[in-house]
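Undergrad: let me see the structure of the following:
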Amino acid sequence: MAERLNVDPKTVERWITQDRIPYPRYRHAITAIVREGEEYLWPDAVSPEKAARIGQSELIQLYSRRIAVPHDLWHRLINRAERKIDVLAYAGLFLVEQEPKLIDTLKEKAAAGVEIRILLGDPKSDAVKQRSIEEGAPDVMAAKIRNVMQYYDRLQGVKGVEVRHHKTTLYNSIYRFDDEMLVNAHVLGFPAPHAPVMHLRKLAGGDLFGTYADSFDRVMSASDPAWVKEVAA
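TA: As a prediction, the model looks like this:
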């Protein structure tokens, strides 16, 4: 690390052993090298007030409805991802419908070292049943999940790809591509295509992007492998 930053090794040693906080220019460089957020490496480096101010700048665009998000934006985010693609939804069927080559693209991305995590609702869960009732079409969400799984089943056995089922009540669907994210709010009485979407960009020291990234990780930790679950059933 000292060689990469062109600093004395003793300086790096003090950062590690004495909990010294590096200057901002070094923090930014280190986060890029180790691919971890500044707030994770140095929780006390940025005050809550400053994190909130930076968080406001993490919002690139607010769309009043998901159907207003340009298809070109989805396509760009998917195809430019180099490290991480995360999807958290109940079904997210629209994604495979508007990106006909999505599964092939995900296979190529995984082969290039991109970590891919797909979290879909458990079609048998109470949360999925309740969401269907709220949208006025009982059992339709479970059907959508089973439908979309016919696409994702083609990823079974692909190294670097995880497809899992969750039983969580979702307040948002999350679509992350490296350091950009689309967050689709869930609004009672409205299907997801007609609910707002935030386009976020991760900034060092911000707290908005990290809030949704942490939410994804919580759901991930409580989810079950999709294919093991199906075989066991």
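
Undergrad: can you confirm residue 175 is in a helix?
TA: No - going by DSSP: H, G, I helix; E, B strand; the rest coil, the assignment for residue 175 is strand, not a helix.

Undergrad: that one reaches residue 86, doesn't it?
TA: Yes - if you go by Cβ atoms under 8 Å, residue 175 and residue 86 touch, sitting 7.3 Å apart. Yep, even glycine has a C-beta here, placed from its N, CA and C like the rest.

Undergrad: looking at the two, which one has more neighbours?
TA: residue 175 (25 against 22; other Cβ atoms under 10 Å).

Undergrad: so what's that one up against?
TA: Residue 175 makes contact with 77, 86-89, 92, 95, 181-184, according to Cβ atoms under 8 Å, 6 or more residues apart in numbering.

Undergrad: likewise for residue 200?
TA: 58-60, 180-183, 208-209, 212 are the contacts of residue 200 under Cβ under 8 Å, 6+ apart.

Undergrad: how about it, nearest residue that isn't a chain neighbour?
TA: residue 181 (4.5 Å; Cβ to Cβ, 6 or more residues apart in numbering).

Undergrad: hang on, the one you found in a helix?
TA: No - applying three-state DSSP, one finds residue 181 to be strand, outside a helix.

Undergrad: quick check: beta-bridge partners of it?
TA: The partner list for residue 181 in beta bridges (DSSP bridges) reads residue 176, residue 200.

Undergrad: what sits up against whichever helix or strand residue 74 is part of?
TA: Using DSSP states H and E, the element containing residue 74 is helix 71-80. Helix 71-80 is contacted from outside by 85, 95, 98-99, 102, 105, 175, 177-178, 180, 182, 199, using Cβ under 8 Å, 6+ apart.

Undergrad: which regions of this structure lie under the pLDDT threshold?
TA: Judged by pLDDT under 70, the chain has its weakly predicted residues at 46-55, 205, 228-233.

Undergrad: neighbours around residue 25, how many?
TA: Neighbours of residue 25 (other Cβ under 10 Å): 9.

Undergrad: and what of residue 188?
TA: Neighbour tally, residue 188, other Cβ under 10 Å: 7.
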